[in-house]
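J.: Starting from these lines, generate the structure:
(one chain, ligands or ions: 2)
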Amino acid sequence: MLWSVDDMAKAMDARLQGDMPDCVTGISIDSRTIGPGEAYFAILGDVHDGHKFVAAAHGNGGAVSVVSADWVDRLEGETGPLMIVDDVLPALEKLGEAARARSKAKIIAVTGSVGKTTTKEALRTALAPSGTVHASDKSFNNHWGVPLTLARMPQQADFGVFEIGMNHPNEISPLVKMVRPHIAMITIVAAVHLGAFDSVDGIAKAKAEIFDGLEPDGHALINADDKRFDMQVAFARAKGISNIVSFGEAKTADARIEKLVEHGSCSCLTATVLGHDMVVKIGAPGRHIAQNVMAVLASCELAGADLAKAGLAMASLGAVKGRGQQHILQSPSGPYRLIDESYNANPTSMRAALALLAAAQVKARGRRIAVMGDMLELGPTSAQMHADLAEDIKKLGIDKVYLAGPEMKALHKRFTNSIHANTIDDLIAPIAQDLREGDVLMAKASFGMNFAKLIDHLLDIGASES
Ligand SMILES: Nc1ncnc2c1ncn2[C@@H]1O[C@H](COP(=O)(O)OP(=O)(O)OP(=O)(O)O)[C@@H](O)[C@H]1O
Ligand SMILES: [Mg+2]
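T.: Ligands and ions are numbered 1, 2, ... in the order given. Next up is the predicted model:
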């Protein structure tokens, strides 16, 4: 049981109608994936109003639906029992707050321009040996994702891990005030979704809203390698926070990497985490992942988890689909390695992926090949940010570069040794023909560039072996 219907009704100030169950087993906002015995919340989505799917939710096993009063007379089909509230999203928020109020879990909130989901998943893995962990599903980090994750938190959870994102100022603040974390971290501040902001400093300020909801005596975790580290510390102090813990590669960091050795599909490091010396193997490659892991291990220590077990658990981390997942595939002349970074891209994560490619081991005659697509939503300096990647490509010794998209023209001009096309469609066949034994190919672009199509094609023709 997740909630008794009585407790839910009390928390949301709901009126009950129909033949009520005693309790619900979960919370859903999607009638297609609702599980048996779960409560369906008919929230307003980007495209549809959830009230249109109340009957579907009931038909698919939903125990009860939470609907707004002004929809009750308009609901179609067999609705099943209803909990009637003024407005569904605020009701979900109230239930989330009730979940937080009844919880004894140590709560960790994660924000940042990149690395939120990666870090949240690593926390889930690191904390698991120390107790039951409740964490956000996927990237459920917005105005409905955060209250949904809260409302789903079981009363007996020992740890709660919440991803919190934003596109505008004043978005994080109300969300983190519901979450009330004991530990709040900013993974890194960078030029992402610059659209709503004049500058990256503006993004830093908005990310620092994560400290607004910190519990008394809570800890702020800040990236010591971030260019805006001092600025973020100042924001935290201005909000009255005195427990500030830093992580990263800097010698001064409280949780720091002492020595990092990168291998093709993992990395090994020695670290000092709040005074504890550790040797850690991380099952997913990349310097950026190792930096995130420092934040993870610092959080584990601060949350009272078993640090040694957390460190050991990092060996089982795997790269996530579209975010560094690797495949060994067949080219006509023999096996090559594909690094799938197709999920998204911005200058920071693009540089991290290029570094990952540079650190990958190529076999004899093999080449390091980068396929890069437009990084979207970068605002007026977008062309410059694309062009600036030329220095990284040269410095890192990438052997061959394919570029897709109108924004990538700026990089093509600076790095004329590259092959450019307006869409990935035009590059799929040439890339597939070019591949040979021993190559490592990394493909990365913003989601809208549809690099998944390239990945799917390569997986199709290359019959994955691992
Ligand atoms: N510390 C980091 N520095 C640079 N790049 C990183 C870092 N951590 C993760 N990345 C890369 O950034 C990309 C996005 O990672 P992730 O999905 O974890 O971010 P997110 O903040 O959850 O994004 P979203 O806002 O889409 O939810 C991936 O390609 C990942 O490999
Ligand atoms: Mg995410």
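
J.: mind listing the strands for the stretch 51-200 of the chain?
T.: With DSSP state E, counting those that start in this stretch, the ranges of strands along the stretch 51-200 of the chain come out as 64-68, 82-85, 106-111, 133-135, 159-163, 183-186.

J.: For ligand 1, what's the nearest residue on the stretch 151-300 of the chain?
T.: The minimum distance from the stretch 151-300 of the chain to ligand 1, using C-beta to the nearest ligand atom, falls at residue 288 (3.5 Å). C-betas here are computed from N, CA, C, even on glycine.

J.: swap in the stretch 351-466 of the chain?
T.: Counting by C-beta to the nearest ligand atom, the stretch 351-466 of the chain gets nearest to ligand 1 through residue 352 (3.6 Å).

J.: what about the closest residue to residue 262 other than its chain neighbours, how many neighbours?
T.: With sequence-adjacent residues excluded and distances taken as C-beta to C-beta, 6 or more residues apart in numbering, residue 262 is closest to residue 359, at 4.3 Å. Close neighbours of residue 359, defined as other C-beta atoms under 10 Å, add up to 18.

J.: measure residue 359 to ligand 2 for me?
T.: Going from residue 359 to ligand 2 by C-beta to the ion, to the nearest Å gives 24 Å.

J.: now residue 191
T.: 17 Å.

J.: and the closest residue to residue 77 other than its chain neighbours, what does it touch?
T.: Distances taken as C-beta to C-beta, 6+ apart put residue 55 closest to residue 77, at 3.0 Å, once the chain neighbours are dropped. Shown in contact with residue 55 (C-beta atoms under 8 Å, 6 or more residues apart in numbering): 75, 76, 77, 78, 79.

J.: just checking, the residue nearest to residue 262 touches residue 260?
T.: No: if you go by C-beta atoms under 8 Å, residue 359 and residue 260 don't touch, sitting 10.0 Å apart.

J.: and for these two, which residues touch both?
T.: With C-beta under 8 Å, 6+ apart as the test, residue 359 and residue 260 both reach residue 287.

J.: Which residues are in contact with the residue in the stretch 351-466 of the chain that ligand 2 sits nearest to?
T.: Across the stretch 351-466 of the chain, no residue is closer to ligand 2 than residue 447, which sits at 11.6 Å (C-beta to the ion). Residue 447 makes contact with 342, 343, 344, according to C-beta under 8 Å, 6+ apart.

J.: Let me see the contact set for the last one.
T.: If I follow you right, that is residue 344. Residues in contact with residue 344 (C-beta under 8 Å, 6+ apart) are 322, 323, 446, 447.

J.: Just the buried residues of these.
T.: By neighbour count, with 16 or more other C-beta atoms under 10 Å, the contacts of residue 344 hold 322, 323, 446 as buried.

J.: and which of those residues is nearest to residue 104?
T.: Distance to residue 104 across the buried ones among the contacts of residue 344 (C-beta to C-beta) is lowest for residue 323, with 32.5 Å.

J.: what about the closest residue to residue 177 other than its chain neighbours, neighbour count?
T.: Spatial nearest neighbour of residue 177, chain neighbours left out: residue 213 (4.2 Å); criterion: C-beta to C-beta, 6+ apart. Per other C-beta under 10 Å, the neighbour tally for residue 213 reads 21.

J.: before we move on, back to that, for ligand 2, see how far away the residue nearest to residue 77 is.
T.: Look at residue 55 and ligand 2: by C-beta to the ion, they are 32 Å apart.

J.: Save the strands of the stretch 51-200 of the chain as TSV, and put in distance to residue 3, mean pLDDT and mean neighbour count too.
T.: Output for the strands of the stretch 51-200 of the chain, formatted as TSV (distance: least, C-beta to C-beta, whole Å; pLDDT from 0 to 100; neighbours: other C-beta atoms under 10 Å):
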stretch	distance to residue 3	mean pLDDT	mean neighbour count
strand 64-68	10	98	26
strand 82-85	11	98	23
strand 106-111	19	98	28
strand 133-135	14	98	22
strand 159-163	16	99	28
strand 183-186	26	98	29
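
J.: Put together TSV for these, with distance to ligand 1 on each row.
T.: Shown next, in TSV, are the strands of the stretch 51-200 of the chain (distance: least, C-beta to the nearest ligand atom, whole Å):
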stretch	distance to ligand 1
strand 64-68	26
strand 82-85	29
strand 106-111	8
strand 133-135	12
strand 159-163	6
strand 183-186	11
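
J.: what about stretch 290-298, near ligand 1?
T.: Yes: against ligand 1, stretch 290-298 shows contacts by C-beta under 6 Å from any ligand atom at 291, 292.

J.: Spatially nearest residue to the residue of the chain with the smallest separation from ligand 1, not counting backbone neighbours?
T.: Taking C-beta to the nearest ligand atom, ligand 1 has its nearest neighbour within the chain at residue 115, 2.7 Å off. Distance criterion C-beta to C-beta, 6+ apart; nearest residue to residue 115, sequence neighbours excluded, is residue 187 at 3.9 Å.

J.: residue contacts, the one you found?
T.: Contacts for residue 187 (C-beta under 8 Å, 6+ apart) come out as 110, 111, 112, 113, 114, 115, 116, 119, 223, 292, 295.

J.: before we move on, the earlier item: please tabulate the contacts of residue 447 in JSON lines and include distance to ligand 1 as additional columns.
T.: What follows is these, written out as JSON lines (distance: C-beta to the nearest ligand atom, whole Å):
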{"residue": "342", "distance to ligand 1": "9"}
{"residue": "343", "distance to ligand 1": "6"}
{"residue": "344", "distance to ligand 1": "5"}
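
J.: If we check ligand 2, which of these are in contact?
T.: Among these, no residue sits close to ligand 2 (C-beta under 5 Å from the ion).

J.: can you put these in TSV and add secondary structure?
T.: Below are the contacts of residue 447 laid out as TSV (DSSP: H, G, I helix; E, B strand; the rest coil):
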residue	secondary structure
342	coil
343	coil
344	coil
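
J.: Closest one of these to residue 181?
T.: Closest to residue 181, out of all of the contacts of residue 447 and judged by C-beta to C-beta, is residue 344, at 25.0 Å.

J.: Just confirm yes or no for stretch 289-297 near ligand 2.
T.: No: residues of stretch 289-297 are not located near ligand 2 by C-beta under 5 Å from the ion, the shortest gap being 12.2 Å.

J.: Give me the contact list for that stretch.
T.: Under C-beta under 8 Å, 6+ apart, the answer for stretch 289-297 is 115, 118-119, 122-123, 126, 185, 187-188, 221, 223, 225, 247-249, 253, 255-257, 260, 267, 269, 271, 273, 278, 280, 282, 307, 310-311, 314, 317, 319, 324.

J.: repeat for stretch 2-20
T.: 21-27, 39, 64, 66, 69, 72, 79-86, 91, 94-95, 97-98, 152, 154.

J.: before we move on, back to that, quick one: what helix or strand has the residue of the stretch 351-466 of the chain closest to ligand 1 in it?
T.: Assignment of secondary structure by DSSP states H and E places residue 352 within helix 347-359.

J.: Beyond that helix, next helix or strand please.
T.: Next along the chain after helix 347-359, taking DSSP H and E as the criterion, comes strand 368-373.

J.: Good, wrapping up.
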